[in-house]
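S.K.: Could you look at this predicted model? Sequence included:
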2 protein chains.
Amino acid sequence: MLCEIFAFSETATLSIREIKANLRQRGMTLERLSKQIDFIIEIDKLKQVIRQTALTDATRQENIAEHSWHISLMALLLAEFSESAINVLRVLKMLLIHDLVEIDAGDTFLYDENKNNDKSEREKKAAERIFGLLPNDQAAAYISLWREFEEGVTPESKFAKAVDAMHPVLLCYSNQGWSWKKHNLSISTVIEKKTHIRDGSKELWKFTEELLHRANELGYFPLKSE
Amino acid sequence: MLCEIFAFSETATLSIREIKANLRQRGMTLERLSKQIDFIIEIDKLKQVIRQTALTDATRQENIAEHSWHISLMALLLAEFSESAINVLRVLKMLLIHDLVEIDAGDTFLYDENKNNDKSEREKKAAERIFGLLPNDQAAAYISLWREFEEGVTPESKFAKAVDAMHPVLLCYSNQGWSWKKHNLSISTVIEKKTHIRDGSKELWKFTEELLHRANELGYFPLKSE
């Protein structure tokens, strides 16, 4: 069929070119889509990376995939409390990808000083490998977005970090301090690590601080502050 | 201090009003935020609702919270393949909340004809209870968004539904047909339930269809099509 079209008219010759262009286009599309699909399948592993926070009913510890879903929806609902005007889509993009590096680098517990020493180097390598599975333009865009989140300087990253930091407090308050007890923490240690919530939202920080004090009154912190 | 200000000047009287207004404002903010936090804590239960799809390595079945994260990120990466122009933020909002009703209504397996009969009524009630925890304006907005997803008429809901339907095919292909085998399905049954992917994206449908045929060649479907 293609030969027939090719042989008999100038228009047909164009058609051949078009068909070839379409096939090439389809090849390029398929190559691009295949990379995206490889990435999507690879990040399924995030469902196996376990955090130190337990679910509200404390039946098990939460994994990073479900944590990422929870904070994305949280950011959507609480965006009105952001300290500065924010692009909510950008915040969601950040939160959906912010912990992907932990597929390779593992979850580093906020209060583990030793592991936090080489965290940055481990996570940088992980970002390059994991986002590197994507087509070049998307890989570059998402690595840049992940860095923006890590640096926490822009309004979007400040708010994203605020929500990310507030989330375990809500879960931990609900399960009567499961991980505060497990790791023998005091309220002052937690407050010290969480005050940056204020940079994203004064109102959310005020609420979080009140919740932490209430948790302390209820005996959810095993260690007394000095 | 307040009494002193109150007693001595007209401006001070205004200040008292302002202080009272601020306290009222803080009260209103707190009431609103408390509702949002109640909702956020309630939806933690989605992490306990189990789907019929297993993870790529088939070590366990996936829950809806992590599924919702996965398809949100998938939609973000594949938005360029949407059949029509779409508002990506709207798609993400839909995907983040689309299965919340299953906290009350449970997960209804796509191929379970009996359970699908009263699914709509069960899910409507669930939507009213769960989104009803939010402040009125957000409750109304999210119920409306959930309905839009269910109806699948707008470009955003068509694309969101396409990604939601494509996702288990990727997982199932990766784990060599774990749930196709478990539920004794044939490729034609799966294709019949998935063709609507085409309404959201012809390219993603073409890819999914090719993947299903490849899966069939590899023996991932236990039941032969008639």
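M.R.: Alright, I've got the coordinates.
S.K.: in chain A, which residue is closest to the centre?
M.R.: Nearest residue to the geometric centre of chain A (Cα atoms, centre = their mean): A:H98, 2.6 Å.
S.K.: Please name the nearest non-neighbouring residue to that one.
M.R.: Leaving aside its sequence neighbours, A:H98 sits nearest to A:F149 (Cβ to Cβ, 6 or more residues apart in numbering or on different chains; 5.0 Å). C-betas here are computed from N, CA, C, even on glycine.
S.K.: Is the one you found in contact with A:F159, as I believe?
M.R.: No. A:F149 is beyond contact range of A:F159, at 10.5 Å (criterion: Cβ atoms under 8 Å).
S.K.: higher neighbour count, these two?
M.R.: A:F159 (29 against 23; other Cβ atoms under 10 Å in any protein chain shown).
S.K.: and the more buried one, that's in a strand?
M.R.: No. Under DSSP: H, G, I helix; E, B strand; the rest coil, A:F159 falls outside any strand and is assigned helix.
S.K.: Is it in contact with A:A79, as I believe?
M.R.: Yes. A:F159 lies in contact with A:A79 (Cβ under 8 Å); the separation is 7.4 Å.
S.K.: between those two, what contacts are shared?
M.R.: Common neighbours of A:F159 and A:A79, counting by Cβ atoms under 8 Å, 6 or more residues apart in numbering or on different chains, are A:86, A:91.
S.K.: Quick one: the strands in chain A, in order.
M.R.: A:50-54, A:61-63 (DSSP state E).
S.K.: Paired strands for the longest one, with orientation please.
M.R.: In the sheet containing strand A:50-54, the strands it pairs with under DSSP bridges are strand A:61-63 (antiparallel).
S.K.: list the buried ones in the strand it pairs with?
M.R.: Judged by neighbour count (16 or more other Cβ atoms under 10 Å in any protein chain shown), strand A:61-63 contains these buried residues: A:62-63.
S.K.: hmm, back to that, quick one: which of the strands of chain A is nearest A:R198?
M.R.: Within the strands of chain A, the stretch nearest A:R198 is strand A:50-54; the backing value is 21.1 Å (Cβ to Cβ).
S.K.: Can you give the distance from the closest one to the centre of its chain?
M.R.: 15 Å (Cα atoms, centre = their mean, to the nearest Å).
S.K.: The strands of chain A into TSV, with extra columns for mean pLDDT?
M.R.: Output for the strands of chain A, formatted as TSV (pLDDT from 0 to 100):
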stretch	mean pLDDT
strand A:50-54	96
strand A:61-63	97
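S.K.: quick one: which of those is nearest B:I130?
M.R.: strand A:61-63 (19.7 Å).
S.K.: returning to what we had before: which residues touch the residue nearest to A:H98?
M.R.: A:94, A:98, A:157, A:160-161.
S.K.: Check A:K182 too.
M.R.: A:Q52.
S.K.: what's the spacing between it and chain B?
M.R.: According to Cβ to the nearest Cβ, to the nearest Å, A:K182 and chain B sit 18 Å apart.
S.K.: So for the residue nearest to the centre of chain A, what's the pLDDT?
M.R.: Confidence at A:H98, expressed as pLDDT, is 97.
S.K.: Including distance to B:A58, could the strands of chain A go into a markdown table?
M.R.: Output for these, formatted as a markdown table (distance: least, Cβ to Cβ, whole Å):
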| stretch | distance to B:A58 |
| --- | --- |
| strand A:50-54 | 18 |
| strand A:61-63 | 16 |
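S.K.: how about stretch A:101-119 as CSV, C-alpha atoms only?
M.R.: Written as CSV, here are the backbone C-alpha positions of stretch A:101-119 (Å, rounded to 0.1, in the frame of the first residue of the first chain):
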residue,chain,number,x,y,z
VAL,A,101,15.3,10.3,47.1
GLU,A,102,14.6,8.1,50.2
ILE,A,103,14.1,5.2,47.8
ASP,A,104,17.9,5.0,47.7
ALA,A,105,18.9,7.1,50.7
GLY,A,106,16.4,5.7,53.2
ASP,A,107,14.3,7.7,55.7
THR,A,108,16.5,9.8,58.0
PHE,A,109,14.8,10.4,61.3
LEU,A,110,14.7,14.1,62.1
TYR,A,111,16.2,13.6,65.5
ASP,A,112,19.0,11.2,64.4
GLU,A,113,22.1,13.6,64.5
ASN,A,114,24.5,11.0,63.1
LYS,A,115,22.6,10.0,60.1
ASN,A,116,21.8,13.6,59.3
ASN,A,117,25.5,14.3,58.8
ASP,A,118,25.9,12.7,55.4
LYS,A,119,22.2,12.9,54.4
